[in-house]
Structures are given as structure tokens and as C-alpha cells.
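Enquirer: Quick one: sequence plus predicted model below, questions after.
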Amino acid sequence: MNKFQKMICVMLLAIVSVAAHAQNTVNAENADVMRSNGKIYVVVAVVLTVLIGLFFYVFNLDRKISKLEKK
């Protein structure tokens, strides 16, 4: 595994552990209210957008660094 793959694995494991911990502490009433108002989908969309943006940024940064290392 190269550095980039290791970094992705660590990020995914961290996200999974946070998500697993968060499921125990989520207030069910708040989640029901957000679902009934349709706001939960907005929250999920924002979180996914941020995560995709971060992964894209890290991927591009890794490519640029690798390109500079080859020179």
C-alpha cells in the first residue's frame, strides 16, 4: 500500500468509529423532527459535499507532491 491508500484507510476508519459512537448518543426526537421537516437530507448532502471535497483535495495534493518528487 502506498501512502495515499494508507491515508484513505485511516480516514475511513476514523469516520466509521465516529459514526458508530454518534449512533449511541443521537437523540431520537431530534432525528425524527429533522426527518419530518426534510432537513436531515440537507445535513447529509452538506456532509457528503464536504467529505468529497476533502478527498478530492487530498487526492490532487498527493498527485502534485508525487509529481514534484519525481523531478
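Expert: Sure, I can see it.

Enquirer: Setting aside sequence neighbours, what's the nearest residue to the most centrally placed residue in the chain?
Expert: In the chain, the centroid-proximal residue (C-alpha atoms, centre = their mean) is L51; its distance is 3.9 Å. Nearest residue to L51, sequence neighbours excluded (C-beta to C-beta, 6 or more residues apart in numbering): I15, at 7.8 Å. No exception for glycine: its C-beta is placed from N, CA and C like everyone else's.

Enquirer: and the gap between that neighbour and K71?
Expert: 34 Å (C-beta to C-beta, to the nearest Å).

Enquirer: the more surrounded of the two?
Expert: Between I15 and K71, I15 has the larger neighbour count (other C-beta atoms under 10 Å), namely 11 against 4.

Enquirer: And the more buried one, which helix or strand is it part of?
Expert: Assigned by DSSP states H and E, I15 belongs to helix 3-25.

Enquirer: With L61 instead?
Expert: According to DSSP H and E, L61 maps onto helix 39-70.

Enquirer: For that helix, name the packing helices and strands.
Expert: helix 3-25, helix 28-37 (3 or more C-beta pairs under 8 Å, 6 or more residues apart in numbering; DSSP states H and E).

Enquirer: Could you list the low-confidence segments of the chain?
Expert: Counting by pLDDT under 70, the chain contains low-confidence ranges at 1, 18-31.

Enquirer: For V46, the count of nearby residues, please.
Expert: By the criterion of other C-beta under 10 Å, V46 has 10 neighbours.

Enquirer: who are the neighbours in contact with it?
Expert: Under the criterion of C-beta atoms under 8 Å, 6 or more residues apart in numbering, V46 has no contact partners.

Enquirer: Noted, bye for now.
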